[in-house]
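Colleague: What follows is a predicted structure for the sequence shown.
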Amino acid sequence: MRGIAAAPLTMTDEESEGNEFEHLLDDSIGTTSGRTSKFDIDDVRRTATMVDESKTVQHIVAWRREDRGNNHAGGRVPLVDDRTVLVVLLLLGREHAPQSAREMGNLLHQRLTTEARTYLGLPVTLSGSQKGRIEARRWYNAAWNSFHRLIATMDPYPDTQHYRLQSRADRERVLRLRDHSLVDQRRKRLNWYSDAFLEMTFRLQPRDVRRHVKQRVTIGIDQTTIAATSPRGRAPIDPKTGMERRFNPKTKKEYKDKLVIETDAGWNAKSPEKRDGSGPENRNDTEYVWGWAGNVAVLVPNTRSTESEFANIAIGYSMSMPGHHLARDTVAVAQSIIDRGYTPGTIVADREYFANLLPETLHVPIKKMGFDVITDYQVTRMGVRGGKAGAIQVEGRHYCAGTGKDLLNASNDAAAHRIDEETYRTRLEERTAFELRRKELPDDRGHVPMMCPAAGPNPAVTCPIRKIHPKAPDKVRPSVQDKNVPEAPDLICTQGTVDFGPTDGIRDAQLFRYQSKEWSDAYRVGRNTDESFHAYVKSKGHEALDVPARRRIRGFAAQQVLTTILLVSANIRKIIKFLTDRATRAAQGKPTASTGMGPVRATTRRRDREGHSNYKAKWPLKVLPGAPDGSELDPPLRT
């Protein structure tokens, strides 16, 4: 992308000195009843300020000029400009009203006071009369045309006709003639729009909170289903051939050519075992949803605490076809966060990400950004998973070549219930002594010298191959048994150190030891916060993200624009709650985490303390030692 299209989302605290936006967080908009009440000048001015602070209007204008080749647009000036469209969308989003051209037209027609209408530069009437069907229809047309004019600058699939059903031949022809360079350009613009609005909500928080977050950001990332307004989906895809199936595997009858409106959507399976991209075998299969996958990055706490250090809001978002380009979109969301001036900390993700995707597409780019990873493992990734120079890698860590098999296979034995939980914890603790140690900190290239646990002046174990260092303290240590000594010792056993590069064992590497208390605390807090935000934005009484009837405008770009507004609305609600709670605690003289007034004691939730959790998975993969009183994860995590 060229020029302003590639501009980063950056606003330093020095640039925002004296530019606080807390006064924009008045929640009176959400208290209006029905869809005939008026928005006054304060509602409109406050919302317009949010739109202006997102800097999206300037970019949309620049993108439109770039697409024209800097030629003059010609024609009449639009009745409803880009700024007014975004203001209307945000007003409807905060009111939790349906987002449609009809509701937009209704708001422009009869829901603005005279002062608000003048502020936006809108005429009092379009037909000579403020009432009647003709006047309503003209405002509807003005809203529809202006909205589609806005999203035309960001639509990655302008060749898709959203007003007619398309056959299989139509879809194949469109895909064959599609300009992929245009798709990439418009997707970057669309993602920039989403991140700009979310960054605007982040800046609504006080300066001390913003600085605290940017010092080291911890995010949880996950996908959520964005159901299409039209549930008509294509025929199932054969995973082997990648083509739409012609015959029903049960009845052996040929499928009819399905007509589809949202041709750039896909089947999103609710259960992990069905996420092969094939789709349902029949239209009554409720396990599948026709739509898109929303990639949402949420701010999660850095520590376990009863009080939030900041509002747990979404700060990154994009949309994609289910089952496609998960690594690419994850990297893009993370890179956008770094480009906005956040210091990389940790990324918490479930098994769909780092435990499943290829290192070159996800792990390596994330590591180059500076993020540490906290994740869970699939059963197939537990136990011995390769190694280097004789060292054995187990669940992200490298161990001595003479480590006992019972210690190396502890997680596998626990998953198969060959050992009890107490034995499992004991073996995990014993295994830490056999872990390789760093001799020095990593250099500028990320290389670090690793040494055998029996080497050096402070050995953790004794080994028949190595002599104890003369300066080693005299104490009892675990020993490498003779039967476990390798027949042909490799470099880790014969050299002082072995160089480990930044990509050695990167697929399973993560910040904390798997199933340790530190890992359990971080993973539990991160995943529960992430899942909680997804449930929050899907609340039927508020944003209702998973209700397609609330987003009745077709097309990929339209849906990302509208769902972004819903995330913005959820963020604002979160921030209002956070600031209200913080003010209440300050008034009561209680400690506040973000102001450093004192430590906050973590307590056990009542549902965990009294056994009301509805999640009853068996240990050890879900019961975490860091959870209060050995409680179980609730709600259940997606895999």
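Modeller: Alright, I've got the coordinates.

Colleague: contacts and neighbour counts: CA atoms only from here.
Modeller: Fine.

Colleague: Go through this structure and flag its longest helix.
Modeller: helix 556-587 (DSSP state H).

Colleague: which other helices and strands contact that helix?
Modeller: helix 82-95, helix 133-151, helix 180-202, strand 314-320, helix 517-537 (3 or more C-alpha pairs under 8 Å, 6 or more residues apart in numbering; DSSP states H and E).

Colleague: Make JSON lines from these and add distance to E287, mean pLDDT and mean neighbour count to it.
Modeller: Compiled in JSON lines, the helices and strands packed on helix 556-587 are given as follows (distance: least, C-alpha to C-alpha, whole Å; pLDDT from 0 to 100; neighbours: other C-alpha atoms under 10 Å):
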{"stretch": "helix 82-95", "distance to E287": "29", "mean pLDDT": "96", "mean neighbour count": "22"}
{"stretch": "helix 133-151", "distance to E287": "31", "mean pLDDT": "94", "mean neighbour count": "19"}
{"stretch": "helix 180-202", "distance to E287": "29", "mean pLDDT": "96", "mean neighbour count": "21"}
{"stretch": "strand 314-320", "distance to E287": "19", "mean pLDDT": "96", "mean neighbour count": "27"}
{"stretch": "helix 517-537", "distance to E287": "19", "mean pLDDT": "92", "mean neighbour count": "21"}
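
Colleague: Need those in TSV (columns: distance to I226).
Modeller: TSV is the format used below for the helices and strands packed on helix 556-587 (distance: least, C-alpha to C-alpha, whole Å):
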stretch	distance to I226
helix 82-95	16
helix 133-151	18
helix 180-202	15
strand 314-320	8
helix 517-537	11
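
Colleague: Please identify which of those is closest to D329.
Modeller: strand 314-320 (7.2 Å; C-alpha to C-alpha).

Colleague: For this structure, spot the helix or strand the model is least confident about on average.
Modeller: helix 606-609 (a mean of 60; mean pLDDT, DSSP states H and E).

Colleague: Not counting its neighbours along the chain, what's nearest L357?
Modeller: A327 (7.0 Å; C-alpha to C-alpha, 6 or more residues apart in numbering).

Colleague: do you know how far the one you found is from P359?
Modeller: Distance of A327 to P359, computed by C-alpha to C-alpha, to the nearest Å: 9 Å.

Colleague: name the element the residue nearest to L357 belongs to?
Modeller: Here A327 sits within helix 326-339, counting by DSSP states H and E.

Colleague: after that helix comes which helix or strand?
Modeller: Assigned by DSSP H and E, the successor of helix 326-339 is strand 344-349.

Colleague: Now the longest helix of the chain: buried residues?
Modeller: 556-576, 578-579, 582 (16 or more other C-alpha atoms under 10 Å).

Colleague: Measure how that helix sits relative to strand 314-320, angle-wise.
Modeller: 160 degrees (axes from the mean of the first three to the mean of the last three C-alpha atoms, to 10 degrees).

Colleague: what's the distance between helix 556-587 and the middle of its chain?
Modeller: Here the centre of helix 556-587 is set off from its chain's centre by 16 Å, with C-alpha atoms, centre = their mean, to the nearest Å.

Colleague: ok, now stretch 313-331?
Modeller: 7 Å.

Colleague: mind checking the end-to-end distance for it?
Modeller: So stretch 313-331: terminal residues 19 Å apart, C-alpha to C-alpha.

Colleague: Apart from its chain neighbours, what residue comes closest to the most far-flung residue of the chain relative to its centre?
Modeller: Using C-alpha atoms, centre = their mean, the residue of the chain lying farthest from its centre is P470. It sits 52.0 Å away. Sequence neighbours aside, P457 is the residue nearest to P470 in space, at 7.2 Å (criterion: C-alpha to C-alpha, 6+ apart).

Colleague: Going by secondary structure, the one you found is in what exactly?
Modeller: Going by DSSP H and E, P457 is not in any helix or strand.

Colleague: So the nearest residue to W519 once chain neighbours are set aside versus E518, what's the distance?
Modeller: Among residues not flanking W519 along the chain, F512 sits closest, at 5.2 Å (C-alpha to C-alpha, 6+ apart). Distance from F512 to E518, counting by C-alpha to C-alpha: 6 Å.

Colleague: Contact partners for I219?
Modeller: By C-alpha atoms under 8 Å, 6 or more residues apart in numbering, the residues touching I219 are 297-300, 346-348, 526.

Colleague: Repeat that for R437.
Modeller: So R437 contacts 450-453 (C-alpha under 8 Å, 6+ apart).

Colleague: Export the residues you listed as a markdown table, with columns for pLDDT.
Modeller: Output for the contacts of R437, formatted as a markdown table (pLDDT from 0 to 100):
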| residue | pLDDT |
| --- | --- |
| M450 | 94 |
| M451 | 93 |
| C452 | 93 |
| P453 | 93 |
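
Colleague: Most neighbours of all these, which one?
Modeller: C452 (30 neighbours; other C-alpha atoms under 10 Å).

Colleague: Surely that residue is in contact with C493?
Modeller: Yes - the pair C452 / C493 is scored as a contact, 6.6 Å apart, by C-alpha atoms under 8 Å.

Colleague: Please work out how many residues are found near F39.
Modeller: So F39, with other C-alpha under 10 Å, has 20 neighbours.

Colleague: can you tell me how far it sits from E262?
Modeller: Distance of F39 to E262, computed by C-alpha to C-alpha: 34 Å.

Colleague: Same check on L150?
Modeller: 20 Å.

Colleague: what's the first-to-last distance across stretch 533-545?
Modeller: 11 Å.

Colleague: contacting residues around it?
Modeller: 93, 96, 224, 226, 298, 312-313, 546-547, 550, 563, 566-567, 569-570.

Colleague: Between all of those residues, which two are separated the most?
Modeller: Among these, N312 and R550 lie farthest apart (C-alpha to C-alpha), at 24.2 Å.

Colleague: List the buried residues in stretch 429-446.
Modeller: 431, 433-438.

Colleague: In TSV: those residues, plus secondary structure, pLDDT and distance to H59.
Modeller: As requested, these are arranged in TSV below (DSSP: H, G, I helix; E, B strand; the rest coil; pLDDT from 0 to 100; distance: C-alpha to C-alpha, whole Å):
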residue	secondary structure	pLDDT	distance to H59
R431	helix	95	55
A433	helix	94	56
F434	helix	94	56
E435	strand	94	52
L436	coil	95	51
R437	strand	93	50
R438	strand	91	48
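
Colleague: Out of those residues, the closest to L204 would be?
Modeller: Using C-alpha to C-alpha, the buried residues of stretch 429-446 come closest to L204 at R438, 42.6 Å.

Colleague: give me every residue that touches R513.
Modeller: R513 neighbours (C-alpha under 8 Å, 6+ apart): 395-397, 519.

Colleague: of all those residues, which comes closest to R425?
Modeller: Looking across those and measuring by C-alpha to C-alpha, the closest to R425 is W519, at 13.7 Å.
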